[in-house]
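S.K.: Got a predicted structure plus its sequence, pasted below:
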Amino acid sequence: MASEKTIILYPNAGHDIGFGMTEKVGRILREHGRHVVICRSTEDGSAAPAPPAGYEADGIDNALRSAEMIITFGGDGTILRAARAAAGQGVPILGINMGGKGFMTELEIEDIALIESAARGDYRVESLMMLDAEIIRDGQPVYSDFALNDVVIKGYNKIIDLTLFGDGQRISHFSGDGAVVATPAGSTAYSMAAGGPIVEPLAHSIIITPICAHVLETKPFVLVSDRRVSVEIGSARRNPAYMSVDGGDCVSIQSGDVISVCKSERYTRFVRLSNRSFYQKVSEKLGERL
């Protein structure tokens, strides 16, 4: 018998305009006797349009208390917002790509028939590692956050000095635009665009990728997941800089600050339905068909 738990539909109002795809998936789930709740999302934080008539609406934090899974409608940004809410509850996410590349999404629009398998409970779940990040100033933590994709340290349109450490051992020092500290899931995001490696999402590692370093020999590093990465903001160039977690708000940092990043105790869980491999997905998303 199917679980009585709720399935949350989490549409990005800017991608699923009019909630047409959300209604289609909701109809399939209801035909299989599943309880459905819609929790709306917008990229800019503005008020989302009202849900379709006849559907129950709720805030995501409340709906998660009795949820079996979240189905997102959008791109990777929508998944990142859902992951922030779901990580503490352990509720898995099923992403339907209605955005751009959608590396973290499981289904394309043409795969919607597979929703029937989700309705029957016929799916597997994978757990992807996350990162914890702290800004330490004068020896004291002043800000903390957690990431599914990456922690970005960058100058406000000016070069900054960075020294990178792994467990207190110096990795490199350079001047440049900044650095990305990424999870394997985040290796196909900003880290890849900055020249970093593509890493299988199920791997447990921490990827450090310099951004436009002004030193030719500066290279990305892949560390084992139990390392503590530290990024120290130097004083040679006292330019304004910031930290951003998973593309979120910019938090100002200053010379002498240390950004400490380590593997989190949180995980983001993903529903898997298709047989599309990670390698096939990368080839499709990056324009090379196997």
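M.R.: Nice, thanks for sending it over.

S.K.: What is the neighbour count of L216?
M.R.: 7 (other CB atoms under 10 Å). Using the backbone N, CA and C atoms, a C-beta is placed for each residue, glycine as well.

S.K.: Using the three-state scheme, assign it.
M.R.: coil (DSSP: H, G, I helix; E, B strand; the rest coil).

S.K.: host element of I7?
M.R.: Per DSSP states H and E, I7 falls inside strand 6-11.

S.K.: what's that strand packed up against?
M.R.: helix 20-31, strand 35-38, helix 60-63, strand 67-74 (3 or more CB pairs under 8 Å, 6 or more residues apart in numbering; DSSP states H and E).

S.K.: Determine which stretch of these is the most buried.
M.R.: Stretch with highest mean neighbour count among the helices and strands packed on strand 6-11: strand 67-74 (a mean of 25; mean count of other CB atoms under 10 Å).

S.K.: Put the alpha carbons of that strand into CSV.
M.R.: The C-alpha coordinates for strand 67-74 follow below in CSV (Å, rounded to 0.1, in the frame of the first residue of the first chain):
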residue,chain,number,x,y,z
ALA,A,67,6.3,14.7,3.7
GLU,A,68,7.6,11.7,1.8
MET,A,69,9.3,13.7,-0.9
ILE,A,70,9.4,17.1,-2.6
ILE,A,71,9.0,17.4,-6.4
THR,A,72,10.5,20.6,-7.7
PHE,A,73,9.6,22.3,-11.0
GLY,A,74,12.4,24.6,-12.2
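
S.K.: the inter-axis angle of it versus strand 6-11?
M.R.: 10 degrees (axes from the mean of the first three to the mean of the last three CA atoms, to 10 degrees).

S.K.: Kindly tell me how buried G121 is, as a neighbour count.
M.R.: 13.

S.K.: I112 - that's part of a helix, no?
M.R.: Yes - checked against three-state DSSP, I112 lies within a helix.

S.K.: follow-up on the earlier one: average pLDDT across the strand holding I7?
M.R.: For strand 6-11, mean pLDDT rounds to 96.

S.K.: Is it possible to get CSV of the helices and strands packed on strand 6-11 that adds distance to A182?
M.R.: Below are these laid out as CSV (distance: least, CB to CB, whole Å):
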stretch, distance to A182
helix 20-31, 30
strand 35-38, 32
helix 60-63, 25
strand 67-74, 21
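
S.K.: lowest-confidence stretch among the ones you listed?
M.R.: helix 60-63 (a mean of 91).

S.K.: circling back to that earlier point, tell me the strands beside the strand holding I7, with direction?
M.R.: strand 35-38 (parallel), strand 67-74 (parallel) (DSSP bridges).

S.K.: show me where the stretch 51-200 of the chain has strands.
M.R.: Assigned by DSSP state E, counting those that start in this stretch, the strands in the stretch 51-200 of the chain fall at 56-57, 67-74, 93-97, 124-137, 140-147, 150-155, 160-166, 169-176, 178-182.

S.K.: Now render those strands as TSV, adding distance to R276.
M.R.: Formatted as TSV, the strands of the stretch 51-200 of the chain follow (distance: least, CB to CB, whole Å):
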stretch	distance to R276
strand 56-57	32
strand 67-74	17
strand 93-97	12
strand 124-137	13
strand 140-147	25
strand 150-155	24
strand 160-166	34
strand 169-176	35
strand 178-182	22
